[in-house]
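Trainee: Mind folding the following:
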Amino acid sequence: MESQQIATLISDVAHIKVDLANVMVDMREFRADLKASNDSIIALRQDLADFRVEVAEKNSETRLEIAALRTEVKAEIGALRHETTAAIASVRLEVADLRGDMRTGFAEMRRHITKVMVWGALFVSGVAGTILAVLAHAMKWF
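Mentor: As a prediction, the model looks like this:
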């Protein structure tokens, strides 16, 4: 029995050696996989750093563009305010001129109305005088 136990032990040792060789091969493969994973992680970190740099550049470019747009919009708004102020002043001058023209026109119209009223009164007075003269002549007052 002893020889059978020795054979079993030798067989077990041989299986353990094979298993140990398999484990060593698996560990080498695992190490290679870990190295590849580490290389991938390093590459990803580098890509992430490059991406962050690119985002920072785009961010600063965008901020510069926004600042330029703000400046441009403020300039345009300022120009529009200036134009609006000038237009308002021009309209105010035109309204003042129109008021003056209206006052002059109304004064002239009053003069014409007064003139017509005077001529009308003179005409009515002349007609009344003529009628009175005819009546006085008809009644033989003179």
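
Trainee: where does Met139 fall, phi/psi-wise?
Mentor: phi -90, psi 0 (degrees, to the nearest 10).

Trainee: Can you pull up the most central residue in this protein?
Mentor: Val73 (8.2 Å; C-alpha atoms, centre = their mean).

Trainee: per-residue confidence for that one?
Mentor: For Val73, the model assigns a pLDDT of 96.

Trainee: and if you look at the one 4 residues further on?
Mentor: What the model reports for Ile77 is a pLDDT of 96.

Trainee: Tell me how far the strand or helix carrying the residue nearest to the centre of the chain lies from the chain's centre.
Mentor: Assigned by DSSP states H and E, Val73 belongs to helix 2-138. Mean-position distance between helix 2-138 and its chain equals 2 Å (C-alpha atoms, centre = their mean, to the nearest Å).

Trainee: From the contact counts, what lies against it?
Mentor: For helix 2-138, there is no helix or strand it packs on, judged by 3 or more C-beta pairs under 8 Å, 6 or more residues apart in numbering; DSSP states H and E. To be clear about C-beta, it is placed using only N, CA and C from the backbone, and glycine gets the same treatment.

Trainee: which stretches of this protein aren't confidently modelled?
Mentor: Across the chain, residues meeting the criterion (pLDDT under 70) sit at 1, 142.

Trainee: Relative to Gly126, how far out is Arg63?
Mentor: 92 Å (C-beta to C-beta, to the nearest Å).

Trainee: Same check on His15?
Mentor: From His15 to Gly126 the distance is 156 Å (C-beta to C-beta).

Trainee: Please apply the same query to Arg81.
Mentor: With C-beta to C-beta as the criterion, Arg81 and Gly126 are 66 Å apart.
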